[in-house]
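Undergrad: I would like the atomic coordinates for the input below:
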Amino acid sequence: MSAWHIGRAWSGTEIEDGCPCPKAPCGLVVGLQAVGGPCRQHTGIKTMRQSHPADVCPGRRAEEVARIAREQADERRRRNDELVAELGLLKPGAVAASLREREQARRQRRAEDAGRLDLGGGA
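TA: As a prediction, the model looks like this:
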């Protein structure tokens, strides 16, 4: 039989956060380890309002999902870097520098064009 994670409130872990009982990854108390301990909240005579078996703990699943997501993001980043190198694409910093150079050249041309304009003010 699986151990259970238990909590006193309908949701959340506010009560469990302040007690000395051993905690599961989900923040609830590990049921069998709490009974007979120093905590007055997790005894056999108090009502437990939330629980789940330890083998389906959402805390453990959340950690596993986060680990998988990190691995997938790292793999995507690695593949993207390979594609960038293979295709000779520019990095964002290089693109920004190129755009700055083009804007500077455009402003220079406009200033030169403005200097050549005949505004009809001369005699």
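
Undergrad: for the chain, name the helix or strand with the lowest mean pLDDT.
TA: helix 31-34 (a mean of 71; mean pLDDT, DSSP states H and E).

Undergrad: as a check, name the ranges of all helices in the protein.
TA: 14-17, 31-34, 58-87, 92-116 (DSSP state H).

Undergrad: so which bits of the longest one are buried?
TA: With burial defined by 16 or more other C-beta atoms under 10 Å, the residues of helix 58-87 counted as buried are Gly59. Glycine gets a C-beta too; all of them are placed from N, C-alpha and C.

Undergrad: give me the distance from that helix to the chain's centre.
TA: When distances are taken as C-alpha atoms, centre = their mean, to the nearest Å, helix 58-87 is centred 12 Å away from the chain's centroid.

Undergrad: who's in contact with the residue positioned nearest the centre of the chain?
TA: Relative to the mean C-alpha position of the chain, the nearest C-alpha, by C-alpha atoms, centre = their mean, is the one of Ala66, at 8.5 Å. By C-beta atoms under 8 Å, 6 or more residues apart in numbering, Ala66 lies in contact with nothing.

Undergrad: now do His52, the pLDDT please.
TA: Looking at His52, its pLDDT reads 90.

Undergrad: then Ala105?
TA: Per-residue confidence (pLDDT) for Ala105: 90.
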